[in-house]
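K.L.:
Quick check, what structure comes out for this input:
(2 chains)
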Amino acid sequence: MSTQHAEAASYDVRAIQDKWRAVWDELRPFDADGSDPSRERRYALTMFPYPSGDLHMGHGEVFALHDVLARYWRLKGYDVLNPIGWDSFGLPAENAAIKRNENPATFTYDNIETQAESIRRYGVSFDWTRRLHTSDPEYYRWTQWLFLKMFERGLAYRKASYANWCPNDQTVLANEQVVQGVCERCGAVVTKRELTQWYFKITDYAQRLLDDMEQLEGAWPERVLTMQRNWIGRSEGAWVDFAVAGRDEPIRVFTTRPDTLYGATFMVVAPDAKLAAELVSDEQRGDFDAYLERTKQATEIERQSTERPKTGVFLGVHATNPLTGESMPVWAADYVLADYGSGAVMAVPAHDQRDLDFARTYDLPVRRVVDVPGEENPEETGVATSGDGAYVNSPALEGIADKVEGIASIIEKLSADGVGEGTINFRLRDWLLSRQRYWGCPIPIVHCPDCGEVAVPDDQLPVELPYLTGADLAPKGTSPLAAATDWVRTTCPSCGGDASRDTDTMDTFVDSSWYFLRYCSPGYTGGAFDPAEVKHWMPVDMYVGGVEHAILHLLYSRFFTKALHDMGLVSFVEPFTALMNQGQVINQGKAMSKSLGNGIDLGQQIEEFGVDSVRLTLVFAGPPEDDIDWADVSPAGASKFLQRAWRISHEVASEPGVDAASGDVALRRVTHKTVAECEHLYDSKRFNVVVARVMELVNATRKAIDSGAGAADPAVREASEVTAMLLSTVAPYVAEEMWAELGHAPSVSQQAWPTVDPALLVDDTVTCVVQVKGKVRGKLEVPPSISDEELEALALAEPNVARHLEGAEIRKVIIRAPKLVNIVV
RNA sequence: GCCGGGUUGGCGGAAUGGUAGACGCGGUGGUCUCAAACACCACUGUCCGAAAGGAUGUGCGGGUUCGAGUCCCGCACCCGGCACCA
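P.N.:
Below is the predicted model of the structure:
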């Protein structure tokens, strides 16, 4: 037999890729059906790509992992929706267009065609009939429609505020797009600009975004839920009003420690909050203006640094402590943030480190009101205390030594006096959605001198982008659309007078906040989506994508879904019932980068090893969420295995349709156990282990052919057919080829999941481990039905066990028939 | 600082509280070959031993249990998130 192997048969990787691709195009086995409402459905979704150049390794991994599940679900008989599209608005296309003196559509749609071709070659089982691009007017018409729905309900509004500004991209950014003070996209240091911008009122949904995470617990990665919780930043406390002499409005502050109110010795207001400018006295105005100017110059990085010494300026006014009636100086300092809480705080230097640092810098009084056991007086040590302890200098809290109780008690007192109330504050800010760039969805609003902000009527949507090219797109700090004067000039839909269009475009995250709904009915013209189709397909059963969207896209999509729910447009409140974050593909311990020269090109790997081998390599490397170091894996090994698997199908010597029941029982047991176990493994997303089980099946089949039942045994055919089916989820081309070798008509991906014979899951004999004092001293081959008594007798008779029992007294025998006996001496 | 996740051979990784290291990579030896490649077979945690067998072993220290990689307590280190958020 070894002579045969010396010229081992093999399949032509490239030929079968071309062959089966054509067959799939003809058969369309991956289009979602939807015609039978009683058939159970599954929605598999992968984060749609941005059309930058060709696919890279990261795409290769997401598509491979997500397709395993889609294909498994199809084998299980579900009607599977597995759509693909492009997130095709965005800056890279615009920057390329400026450089090449083109319109961004050229770059965008060229890249989309390149990627589409690569994805087809990659054999992903997408339903291409539902393909969409967010930059198509037929798509963004509905993005505008949804914006207007938000506008109608007051969820989209315009306000003047200090916004994050990226000096490189020349546009404002949402908070979510500023990471540690730099632009999430380009890395430029972000500054602040006062601008009037559009916002979505995501803060209205803060509590629900938090509460509904309960539904996602266990189905979303814990770290993503944690990130969202951190980002939303719920904080319980109270607001407290401090009266100011000569002013009607009090200074309102948010505090989580109202119980330390007796320790408040001064107030601090954010310099860039309106309140500061209102409060400042004439004598202090010069100093304040200078300080405010310095604050504005500071970058987000500088502003957020905790290392920086505290600075501030006295505002020349005093506020009154509502509990003690004491007069407290009011300062402005940039350690207080304008857009959190009310932009003002009561400073309790003894029990807040920041306040203490400030107090020591400007020689302000420190008064301890909580005596924390084992901790020194903060005034002397310079270390603020925040723990529980007996309240001191706090008449209203006498006898209380518990923080929770103290807080409740003070809130009650403040409420009774009408100067405070318990409240909840969030870190989450409203979503700034305007962008001063061209290649995005125009905001469908007309500004009328008489009527104000007027929605563009439905029948006039979409508001299409004017065709601009090259230098006309160059960032100037204002939207390029403003330069298209003919486009801007329009009439007011309300009064018919002269008016102008809004010249900003939307953040591209708006486009992607609802695309999963559009997939359900991509051609629908009666609205953004057909409610009946959405009801049928949504919510998404598995969403696969990178963790970098943990708080951007995923939070926004959750918000959109809830808003649409409240509008009565969808029946569910969470769009993605399960989420999987694939790891990164790295090389030699480091992220791939041009500067390191360690990049691995997906296309090149496919050229060398073929699609199936690359996909198998990515799936087999480890758990889906773990990073893959390309230096640790072996696409050549994957190739070898696939050839081995195929060769078996080539050697099978029985006819299709032969009854497996007469086949070799030992091999049949392996086959049926593999099917049963893989089902469980797929369901728990352990695809790497699925591959390992299929490898074991192939090994067992090889052995049966070479030194057992032989290639003509029906069990060998059964094993090979199961191998082809399981393999079709990971390596679709070779699986089809095997299926054809086995004499079947395509497509293997449309076959029904094999039926497991429960009788074959039980072995004739099982290995029983015999332990003495918990250590393995012998093994027995016993029938699975063996009784405890029989097993104990056999165990005690085992020679090596008997040797270890010599001279010892048996105290207890634990029997877990038929697998284990533990003898305690 | 707060929150979340992790730590298993040379490497990637398997293990409903019951044989730790499945499967693969790499390595060693062999079959085939004039030779090589391909393929196939065997071995491969560490230490002692010719073998039988024994000792030891899942980041560290304790605990629960007949039995712990798995459960509980404490600690170290690594990765990720948030952080002048009052």
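K.L.:
who are the neighbours in contact with residue A:66?
P.N.:
A:44-46, A:542, A:544, A:580 (C-beta atoms under 8 Å, 6 or more residues apart in numbering). For glycine as for every other residue, the C-beta is placed from the backbone atoms N, C-alpha and C.
K.L.:
ah, wrong one, I meant residue A:129
P.N.:
Counted by C-beta under 8 Å, 6+ apart, residue A:129 has contacts A:31, A:522.
K.L.:
Name the SS class of it, please.
P.N.:
When classified by DSSP: H, G, I helix; E, B strand; the rest coil, residue A:129 comes out as strand.
K.L.:
how many neighbours does whichever residue of the stretch 401-550 of chain A sits closest to RNA strand B have?
P.N.:
Across the stretch 401-550 of chain A, the shortest distance to RNA strand B (C-beta to the nearest atom of the strand) belongs to residue A:427, at 3.8 Å. Residue A:427: 15 surrounding residues under other C-beta atoms under 10 Å.
K.L.:
related to what we said a few turns ago, rebuild the contacts of residue A:66 as a markdown table, extending it with distance to residue A:269 and secondary structure.
P.N.:
Below are these laid out as a markdown table (distance: C-beta to C-beta, whole Å; DSSP: H, G, I helix; E, B strand; the rest coil):
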| residue | distance to residue A:269 | secondary structure |
| --- | --- | --- |
| A:44 | 52 | strand |
| A:45 | 47 | strand |
| A:46 | 48 | strand |
| A:542 | 49 | strand |
| A:544 | 47 | strand |
| A:580 | 46 | strand |
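K.L.:
Check the residue of the stretch 401-550 of chain A closest to RNA strand B and give its pLDDT.
P.N.:
Residue A:427 carries a pLDDT value of 92.
K.L.:
From residue A:228, how far off is it?
P.N.:
11 Å (C-beta to C-beta, to the nearest Å).
K.L.:
do residue A:303 as well
P.N.:
Counting by C-beta to C-beta - residue A:303 and residue A:228 are separated by 24 Å.
K.L.:
Over to residue A:723?
P.N.:
41 Å.
K.L.:
and what of residue A:690?
P.N.:
30 Å.
K.L.:
So between these two, which is more surrounded?
P.N.:
Neighbours were counted for residue A:690 and for residue A:228 using other C-beta under 10 Å; residue A:690 has more, 25 against 20.
K.L.:
tell me which element the more buried one is part of?
P.N.:
helix A:687-707 (DSSP states H and E).
K.L.:
Show me which residues of that helix are buried.
P.N.:
A:687-691, A:693-694, A:697-698, A:700-702, A:704-705 (16 or more other C-beta atoms under 10 Å).
K.L.:
ditto for stretch A:810-820
P.N.:
For stretch A:810-820, by 16+ other C-beta under 10 Å, it's A:815, A:817-818, A:820.
K.L.:
Most widely separated two among those residues?
P.N.:
A:815 and A:818 (9.3 Å; C-beta to C-beta).
K.L.:
Following element in sequence after the helix or strand containing residue A:638, please.
P.N.:
Using DSSP H and E, residue A:638 maps to helix A:635-651. Counting by DSSP H and E, the next helix or strand C-terminal to helix A:635-651 is helix A:665-683.
K.L.:
Next one: residue A:237, what pLDDT does it get?
P.N.:
93.
K.L.:
State the helix or strand in which it lies.
P.N.:
Going by DSSP H and E, residue A:237 is part of strand A:235-244.
K.L.:
list the helices and strands that strand packs on?
P.N.:
Packing contacts for strand A:235-244, counted by 3 or more C-beta pairs under 8 Å, 6 or more residues apart in numbering; DSSP states H and E, involve strand A:251-255, strand A:313-320, helix A:403-417, strand A:420-425.
K.L.:
I'd like those written out as CSV, with mean neighbour count and distance to residue A:807 added.
P.N.:
Conversion of the helices and strands packed on strand A:235-244 to CSV gives the following (neighbours: other C-beta atoms under 10 Å; distance: least, C-beta to C-beta, whole Å):
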stretch, mean neighbour count, distance to residue A:807
strand A:251-255, 22, 74
strand A:313-320, 21, 87
helix A:403-417, 17, 63
strand A:420-425, 17, 71
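K.L.:
Reformat these as TSV; add distance to RNA strand B.
P.N.:
As requested, those are arranged in TSV below (distance: least, C-beta to the nearest atom of the strand, whole Å):
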stretch	distance to RNA strand B
strand A:251-255	3
strand A:313-320	14
helix A:403-417	11
strand A:420-425	6
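K.L.:
okay if I get those as CSV plus distance to residue A:562?
P.N.:
Output for the helices and strands packed on strand A:235-244, formatted as CSV (distance: least, C-beta to C-beta, whole Å):
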stretch, distance to residue A:562
strand A:251-255, 25
strand A:313-320, 39
helix A:403-417, 30
strand A:420-425, 18
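K.L.:
right, and these - which one's nearest residue A:526?
P.N.:
So among those, strand A:420-425 is nearest, using C-beta to C-beta, at 39.9 Å.
K.L.:
Outside of stretch A:68-78 itself, list whatever touches it.
P.N.:
A:29-30, A:39-42, A:44, A:80, A:82, A:125, A:542, A:544, A:619, A:682, A:685, A:687, A:690, A:725, A:728-730, A:732, A:749-753.
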